[in-house]
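[1] Fold the following for me, if possible:
(4 chains)
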Number of protein chains: 2
Amino acid sequence: MTTGIAITRRTDQQQASRIAIFANGQTIYADGEKCDWAYRIAFGAVSLYRVLACGRRQIVSFHLAGEWFGIEQGRRRQFTAEAIGPTGILCANLAADQCPALLPAVLDALWSAREHQLVISRQSSHERVAAFLLEISERTQDKRRFDLPMPRADIADYLGLTIESVSRAVTRLKCSNAIRLVGPRGIEILDRDRLRSFCD
Amino acid sequence: MTTGIAITRRTDQQQASRIAIFANGQTIYADGEKCDWAYRIAFGAVSLYRVLACGRRQIVSFHLAGEWFGIEQGRRRQFTAEAIGPTGILCANLAADQCPALLPAVLDALWSAREHQLVISRQSSHERVAAFLLEISERTQDKRRFDLPMPRADIADYLGLTIESVSRAVTRLKCSNAIRLVGPRGIEILDRDRLRSFCD
DNA sequence: CGTATTATTGAAAGCTGTCAAAGCTCGTGG
DNA sequence: CCACGAGCTTTGACAGCTTTCAATAATACG
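    Numbering: from 1, shown residues only, chains lettered A, B, ... in the order given. From the prediction side, this is the model:
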């Protein structure tokens, strides 16, 4: 988030063939910047967010290893992109003709964004957290046992809840034996159908 | 957002294509169908929604005259598209090489979807309704005085609220002299800054 | 091993949802 | 032209859920 980091950041990105490494909390690009590059995650995770005038931070999407983000041709950055934990990032030129993978990636992003709209627009805290765990599960290697890359605060800002509500929902899912917790970050899905039954 | 110039240009190119007319409430395509075409609205309005297992209907986007919708290459339809009032629709082939306007349209849709995420994820009912009125205002001809194409139920399903909450919020905006109502559908923005101050 | 950070739990307040009823619009038909 | 009625909108009261505020517990890290 500091200016000093931002300066070195740009320099690293110019070497487009290499992987740029970002530390936890480091900004990859900021809200309002020019859109020079698209990005793909080699390892780690990234959150896209905006801090609203009232001080609330809303995360609009998480991106995990192998996924694209930052495709925003011909505009200023709509959100800030920030690394969650140590994260390796590949840069690609934004010109569509040089990268035919862009359109499918944008269609995927639109698909995901709209599915997420369904989750956050009306559902209860338990439904949202259950849907979130299933979503992350589907996007990781081991779909039964995985570690959440982000803290509760990030989950809360993504689901439109408070940290406390997320915590209470997790506890409730745990008590219903749908999941098991392995420390605060470790999640084991014990009963996927039951977890799914919490959604909508 | 598609510009007026872009609309005219496309229309000239596609004079051969027919306009399909849909009545109020008529389905243009349904959730789960094959994605054969992309669509552009000549006049009227369209809502994209899904009915969840619990019976709730969530509208993920509204589309007004001149706007694209239904670009979902290589998948089944994610949502149902329905006409709001009498609506004229132009069909276009989904192949990207035949229509270079598709990528910008998808980027616009992603942009809008994520802005909408900010509105529905956390904001109060007043904030949501104020943001909604400003959004529609920006997308219509007369930005100060316009008619909402959709009933309260559609607004509620779009904002993740109930009809009653939408009504209460509109009343509150009216009482604060930010807007004036001209019948249930007619909106006149009296104080845009005040209306904006309700958002976040 | 101690401390700072993060997560959980508890109690009360506030806001939206639900249920119920009344008011308003507008098209239809007398 | 007016009265009627169906549908939509507004308003009210209460319950339920999430937020807020506060404190405790667990974890991570030096």
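[2] From DNA strand D, how far off is A:L134?
    A:L134 sits 17 Å away from DNA strand D, going by Cβ to the nearest atom of the strand, to the nearest Å. Quick note: C-beta positions are derived from backbone N, CA and C, even for glycine.
[3] Determine the three-state secondary structure at that residue.
    What DSSP: H, G, I helix; E, B strand; the rest coil gives for A:L134 is helix.
[4] what residues are up against it?
    A:192, A:195-196, A:199 (Cβ atoms under 8 Å, 6 or more residues apart in numbering or on different chains).
[5] Kindly recompute the last result at 10 Å.
    Shown in contact with A:L134 (Cβ atoms under 10 Å, 6 or more residues apart in numbering or on different chains): A:143, A:189, A:192, A:195-196, A:198-199.
[6] DNA strand D contacts on chain A?
    A:124-126, A:160-162, A:164-165, A:168, A:183-185 (Cβ under 7 Å from any atom of the strand).
[7] Just the buried subset of those, please.
    For the residues of chain A next to DNA strand D, a burial check counting by 16 or more other Cβ atoms under 10 Å in any protein chain shown picks out A:125-126, A:160-161, A:165.
[8] is stretch A:175-195 up against DNA strand C anywhere?
    Yes - with Cβ under 7 Å from any atom of the strand as the criterion, DNA strand C is reached by stretch A:175-195 at A:181, A:184-185.
[9] before we move on, the earlier item: when you check the buried ones among the residues of chain A next to DNA strand D against the strands, which ones overlap?
    In strands, judged by DSSP state E, none of those are found.
[10] Can you tell me which of these comes closest to B:R139?
    Distance ranking of these against B:R139, using Cβ to Cβ, places A:G160 first at 24.3 Å.
[11] can you tell me which residues contact that closest one?
    With Cβ under 10 Å, 6+ apart, A:G160 has these contacts: A:56, A:58-59, A:119-121, A:123, A:125, A:128, B:117-118, B:120-123, B:160.
[12] Just the buried ones from those residues?
    For the contacts of A:G160, a burial check counting by 16+ other Cβ under 10 Å picks out A:58-59, A:119-121, A:123, A:125, A:128, B:117-118, B:120-123, B:160.
[13] By pLDDT, give me the weakest of the residues you listed.
    Ranked by pLDDT, these bottom out at B:R122 (81).
[14] surely that residue meets A:V60?
    No - applying Cβ atoms under 10 Å as the test, B:R122 and A:V60 come out as separate, 11.6 Å apart.
[15] Name the residues contacting each of these two.
    A:120, A:157.
[16] Identify the residue spatially nearest to the most centrally placed residue in chain A, adjacent ones excluded.
    Centroid-nearest residue in chain A, with Cα atoms, centre = their mean: A:F62, separated by 0.8 Å. Nearest residue to A:F62, sequence neighbours excluded (Cβ to Cβ, 6 or more residues apart in numbering or on different chains): A:S47, at 5.6 Å.
[17] got a list of what the one you found touches?
    Listed by Cβ under 10 Å, 6+ apart, the contact set of A:S47 reads A:25, A:28, A:57, A:59-63, A:69, A:79-84, A:149-150, A:154, A:157-158.
[18] again, but for A:L181
    Per Cβ under 10 Å, 6+ apart, neighbours of A:L181: A:170-171, A:173-174, A:187-188.
[19] if you set the cut-off to 6 Å instead, what comes out?
    A:L181 is in contact with A:K174, counting by Cβ atoms under 6 Å, 6 or more residues apart in numbering or on different chains.
[20] Which of the three states applies to it?
    strand.
[21] who in chain A is up against DNA strand C?
    Close to DNA strand C, as judged by Cβ under 7 Å from any atom of the strand, chain A has residues A:122, A:151-153, A:163-164, A:166-168, A:170-171, A:181, A:184-185.
[22] Now with 10 Å, please.
    A:24-25, A:121-122, A:124, A:129, A:148, A:150-156, A:162-172, A:174-175, A:181, A:183-185 (Cβ under 10 Å from any atom of the strand).
[23] Give me the contact list for the lengthiest helix in chain A.
    In terms of residue count, the longest helix belonging to chain A (DSSP state H) is helix A:102-122. With contact meaning Cβ under 6 Å, 6+ apart, helix A:102-122 is reached by A:68, A:71, A:96, A:128, A:131, A:160, B:58, B:60, B:73, B:96, B:103, B:106, B:109-110, B:113-114, B:120-121, B:160.
[24] what pLDDT does A:D200 get?
    76.
[25] what about it, how many residues close to it?
    19 (other Cβ atoms under 10 Å in any protein chain shown).
[26] ok, for it, nearest residue in space, not its chain neighbours?
    Using Cβ to Cβ, 6+ apart, the nearest residue to A:D200 is B:L52, at 4.4 Å.
[27] In this structure that neighbour contacts B:D31, no?
    No - the pair B:L52 and B:D31 fails to qualify as a contact (Cβ atoms under 6 Å) at a distance of 10.9 Å.
[28] Pull the distance from the longest helix of chain A to the chain's centre.
    12 Å (Cα atoms, centre = their mean, to the nearest Å).
[29] Check stretch A:26-40 too.
    15 Å.
[30] Provide the contact partners of that stretch at residue level.
    By Cβ under 6 Å, 6+ apart, stretch A:26-40 touches A:1, A:5, A:50, A:68-72, A:76-77, A:79-83, A:89-92, A:94.
[31] Which helix or which strand is home to A:R172?
    Using DSSP states H and E, A:R172 maps to helix A:163-175.
[32] picking that back up, next, format the contacts of A:L134 as a markdown table and append secondary structure.
    Output for these, formatted as a markdown table (three-state DSSP):
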| residue | secondary structure |
| --- | --- |
| A:K143 | coil |
| A:I189 | strand |
| A:R192 | helix |
| A:L195 | helix |
| A:R196 | helix |
| A:F198 | coil |
| A:C199 | coil |
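[33] Residue ranges of each domain in chain A, please.
    For chain A, automatic domain parsing gives the domain ranges A:3-98, A:123-197.
[34] Any idea which of the ones you listed has the lowest pLDDT on average?
    domain A:3-98 (a mean of 85).
[35] starting at the chain centroid, how far to that domain?
    11 Å.
[36] Figure out the length between the terminal residues of stretch A:183-200.
    Chord length of stretch A:183-200, first to last residue, is 27 Å (Cα to Cα, to the nearest Å).
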